[in-house]
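Undergrad: Just to be clear, the model below is a prediction. Sequence and coordinates:
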Amino acid sequence: MTEQLCAERDQLIEGHRFTIGNLVHQGPRLELGLGVGLHATDFELFLEGEGQVGNGPVRFHREGRKIFAPLPTVGAFGQWEPASNWTFFGRVDWLSLGIDDYRGRLINSEASVSYKIHRNFDIGTSYRYVNYKLRVSKEDWNGRVRYEFSGPAVFIRAGF
């Protein structure tokens, strides 16, 4: 008996983040705060491949599930302006939670540095890291999602 799996894919569909924060320290060049929020992601996962048992025909099969994974978060953020044109910003949101058949963990962090080129315009660079784990244990479906995203970005910000 031979069984082959030719392809395995997963795809992130859409994610949203909403946070409300409160400053716990506000100085002339340094701000620190805490926040609570919600990080919600729609995942569409599927496994597809070709299989063969013995000398039988090769068959294509696809199984998929959609998961909406809302996780509340707690976090901290800070902003430091060492000079009038430079701003350093960082934030981290985190939560680990289990409810009934669902278990999840989320780490969402970002660090950036920007330079004010004009009163209303900044240019900068940032780095973001997201690590998402979700496990579902139900009678009709058991599975887990592990999603990790990290990488740099360059931005121009306008404020009026």
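TA: Received it, and whenever you're ready, just let me know what you need.

Undergrad: Please report phi then psi for Trp101.
TA: Careful, residue 101 is Asp; it's not Trp. Per-residue torsions, Asp101: phi -90, psi 0 (degrees, to the nearest 10).

Undergrad: Surely it is in contact with Lys138?
TA: Yes: the pair Asp101 / Lys138 is scored as a contact, 4.8 Å apart, by Cβ atoms under 8 Å. In short, each C-beta sits where N, CA and C put it, glycine included.

Undergrad: close enough to count as contact, Asn108 and Arg17?
TA: Yes: contact criterion Cβ under 8 Å: Asn108 and Arg17 qualify, at 6.9 Å.

Undergrad: of those two, who's got more company?
TA: Asn108 (23 against 14; other Cβ atoms under 10 Å).

Undergrad: where's that one relative to Phe155, distance?
TA: 17 Å (Cβ to Cβ, to the nearest Å).

Undergrad: picking that back up, what residues are shared contacts of Asn108 and Arg17?
TA: Common contacts of Asn108 and Arg17 (Cβ atoms under 8 Å, 6 or more residues apart in numbering): 39, 93.

Undergrad: what residue is smack in the middle of the chain?
TA: Val130 (4.0 Å; Cα atoms, centre = their mean).

Undergrad: May I have the helix or strand where it lies exported as CSV, CA atoms only?
TA: Val130 belongs to strand 121-137 when assigned by DSSP states H and E. C-alpha atoms of strand 121-137 as CSV (Å, rounded to 0.1, in the frame of the first residue of the first chain):
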residue,chain,number,x,y,z
PHE,A,121,5.4,64.4,6.9
ASP,A,122,7.6,61.6,8.3
ILE,A,123,9.6,58.9,6.6
GLY,A,124,10.6,55.8,8.4
THR,A,125,11.2,52.1,8.6
SER,A,126,9.6,49.5,10.8
TYR,A,127,9.9,45.8,11.6
ARG,A,128,6.8,43.7,12.5
TYR,A,129,6.6,40.2,14.0
VAL,A,130,3.3,38.3,14.4
ASN,A,131,3.1,34.8,15.8
TYR,A,132,-0.4,33.2,15.9
LYS,A,133,-1.3,29.7,17.2
LEU,A,134,-4.8,28.2,17.3
ARG,A,135,-5.9,24.7,18.2
VAL,A,136,-9.4,23.4,17.8
SER,A,137,-10.4,20.1,19.4
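
Undergrad: Beta-bridge partners for the residue nearest to the centre of the chain, please?
TA: As for beta bridges, Val130 partners with Asn108, Phe149 under DSSP bridges.

Undergrad: Ok, Val154 next?
TA: Thr125.
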